[in-house]
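K.L.:
This is the structure alone, sequence omitted:
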């Protein structure tokens, strides 16, 4: 009986640690590479990084005009990037 209680406490402790680890993962800043999950091409992500935008938050809060100045990023891509950046949790 005591062994069962100890095992149960150990299992609860391990579950609590896993939950805490998941919470840590979910807090930003998020790397800009996460935009790939929303359909942004790897080449476009490289262009964003080369322009100094290394996090999803930096992209989401950049003025549209600033994003349009990045060489190789069209207006349609800017709209898609902004949508992707603001739809991810941050």
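P.N.:
Sure thing, it's come through. Keep in mind the model is a prediction, meaning the values are calculated, not measured.

K.L.:
so where's this structure shaky on pLDDT?
P.N.:
1, 11, 13-15, 17-28, 89-90 (pLDDT under 70).

K.L.:
which residues touch the closest residue to residue 35 other than its chain neighbours?
P.N.:
Spatial nearest neighbour of residue 35, excluding adjacent residues (CB to CB, 6 or more residues apart in numbering): residue 84 at 5.0 Å. For the C-beta atoms, the positions are set from N, CA and C on the backbone; glycine is no exception. By CB atoms under 8 Å, 6 or more residues apart in numbering, the contact set of residue 84 is 35, 38-40.

K.L.:
ok, the closest residue to residue 30 other than its chain neighbours to residue 8 distance?
P.N.:
Nearest residue to residue 30 in three dimensions, chain neighbours excluded: residue 56, at 4.1 Å (CB to CB, 6+ apart). Taking CB to CB, to the nearest Å as the measure, residue 56 falls 40 Å from residue 8.
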